[in-house]
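*Asks:* Got a sequence here, can you build the structure:
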Amino acid sequence: MNKLNNKHLLGIKNLNYDEIDLIFNTADKFKEVLTRPIKKVPSLRHITVANIFFENSTRTKLSFELAEKRLSAEILNFSSFGSSLKKGESLLDTIKNILVMKVDIMVIRHSSPGVPQFIANNVNASVVNAGDGTHEHPTQALLDAYSIKEKLGNIKNKKIVIIGDIIHSRVAISNIFLLKKLGAKVMVCGPRTLIPTHMSSLDVIVENNVKKALEWADVANVLRIQLERQQVKYFPSLREYSLYFGINNKLLKSLKKDLIIMHPGPINRGIEISSDVADSSSSIILNQVENGVAIRMAILYLLSHNIK
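*Replies:* A predicted model of the protein is given here:
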């Protein structure tokens, strides 16, 4: 098996175990490439990739662009800010205009759930979901799981707690889908107002006490409070959230055990996580960023095998 079953990567739900394993094994090879003096291979020199971002991004956008450059692809970058969308052009017309420039792969980020699926239904190019609203963020989940596997050796039966703003997080949903496929035990933790009521239907443990959650876990993936998506007040103040759910060094020392700390970024230091924890030896946050390039190289390379 040297390619994915589908020409698109729209969500974790579309991947089976063998495909996930193939992505991880391919990422291993590309991670070795990234240690060489010349960190470039000609794998996608015949491919044009368009990075189409309708929402702000730092890590994901840079990671995809660097992955494409390392694979020798031709790159087209699009941002909705300053584009003809501001003049009233429809989303589909914008996409079709980009497509006629002979684009093979489209990397899409949008604030509305379902947009990558909608685009995939209307174009011939391969579509990669780089995050759609509160729906999914499959490449982030893959790099997170890859980072856990790299640190612990395997994921099966490991206890992973996802802490924070679960209800607004596409990272949380994609991580839950992926970790369950890989045999991990998953818990979510946060204020009751930030945890969806359907979590139990996903075979996920729900905990509202952060210390109990950390005592249970092998790995803690800490999420940012997404104030930009909150239309109502879900908790009294950021100070109170930090007091009850923030991860700090004092809390970790009270556990008397080793714990791996993760965060998808961007970090709000002093709110969901303190600087002494984010920068500690327990943290693999920068490893996640590094692994993101290898994982995205693997995904683009494998999807290129489905391009006719």
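*Asks:* pLDDT weak spots in the stretch 51-200 of the chain?
*Replies:* Scanning the stretch 51-200 of the chain for pLDDT under 70 picks out 81-87.
*Asks:* Mind pulling up the pLDDT for the residue lying closest to residue 258 once chain neighbours are set aside?
*Replies:* Leaving aside its sequence neighbours, residue 258 sits nearest to residue 282 (CB to CB, 6 or more residues apart in numbering; 7.0 Å). Placement of C-beta: from N, CA and C, glycine included. Here, the pLDDT recorded for residue 282 equals 95.
*Asks:* Also the one 10 residues further on?
*Replies:* Model confidence at residue 292, given as pLDDT, is 98.
*Asks:* just checking, what packs against whichever strand or helix holds residue 298?
*Replies:* Here residue 298 sits within helix 285-304, counting by DSSP states H and E. On a contact count with 3 or more CB pairs under 8 Å, 6 or more residues apart in numbering; DSSP states H and E, helix 285-304 meets helix 17-33, helix 59-70, strand 105-110, strand 126-132, helix 138-152, strand 260-262.
*Asks:* got TSV for these, with distance to residue 159 and mean neighbour count too?
*Replies:* Shown next, in TSV, are these (distance: least, CB to CB, whole Å; neighbours: other CB atoms under 10 Å):
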stretch	distance to residue 159	mean neighbour count
helix 17-33	19	16
helix 59-70	26	20
strand 105-110	31	26
strand 126-132	26	25
helix 138-152	11	23
strand 260-262	11	21
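*Asks:* Quick check on residue 159: phi, psi?
*Replies:* phi -100, psi 110 (degrees, to the nearest 10).
*Asks:* ok, it to residue 100 distance?
*Replies:* Counting by CB to CB, to the nearest Å, the gap from residue 159 to residue 100 is 49 Å.
*Asks:* Compare these two and say which one has the larger neighbour count.
*Replies:* Taking other CB atoms under 10 Å, residue 159 and residue 100 do not tie; residue 159 has more neighbours (15 against 7).
*Asks:* Contacts only, for that one.
*Replies:* 184-185, 187, 216-219 (CB atoms under 8 Å, 6 or more residues apart in numbering).
*Asks:* Residue 51 is in what secondary structure piece?
*Replies:* strand 48-53.
*Asks:* show me what contacts residue 23?
*Replies:* 4, 15, 142, 295, 298-299, 302.
*Asks:* Please disregard the earlier target; I meant residue 238.
*Replies:* By CB under 8 Å, 6+ apart, the contact set of residue 238 is 225, 271.
*Asks:* again, 6 Å this time
*Replies:* Taking CB atoms under 6 Å, 6 or more residues apart in numbering, we find residue 238 in contact with residue 271.
*Asks:* what's the distance between it and residue 181?
*Replies:* 34 Å.
*Asks:* thinking again about what came up before, out of the contacts of residue 23, who's nearest residue 93?
*Replies:* Nearest to residue 93 among these: residue 299, at 27.4 Å, using CB to CB.
*Asks:* Including distance to residue 175, could the helices and strands packed on helix 285-304 go into JSON lines?
*Replies:* Below are the helices and strands packed on helix 285-304 laid out as JSON lines (distance: least, CB to CB, whole Å):
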{"stretch": "helix 17-33", "distance to residue 175": "13"}
{"stretch": "helix 59-70", "distance to residue 175": "15"}
{"stretch": "strand 105-110", "distance to residue 175": "18"}
{"stretch": "strand 126-132", "distance to residue 175": "13"}
{"stretch": "helix 138-152", "distance to residue 175": "5"}
{"stretch": "strand 260-262", "distance to residue 175": "9"}
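*Asks:* Run through the neighbouring helices and strands of the strand holding residue 51.
*Replies:* helix 59-70, strand 74-79, strand 105-110 (3 or more CB pairs under 6 Å, 6 or more residues apart in numbering; DSSP states H and E).
*Asks:* if you go through the stretch 101-250 of the chain in chain order, where are the strands?
*Replies:* 105-110, 126-132, 159-163, 185-189, 205-207, 219-222 (DSSP state E, counting those that start in this stretch).
*Asks:* can you list these in CSV and add distance to residue 270?
*Replies:* Converted to CSV, these look like this (distance: least, CB to CB, whole Å):
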stretch, distance to residue 270
strand 105-110, 27
strand 126-132, 25
strand 159-163, 15
strand 185-189, 19
strand 205-207, 23
strand 219-222, 13
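*Asks:* hang on, the earlier thing: so what touches the strand holding residue 51?
*Replies:* Contacts for strand 48-53 (CB under 6 Å, 6+ apart): 61, 64, 68, 73-79, 98, 103-109.
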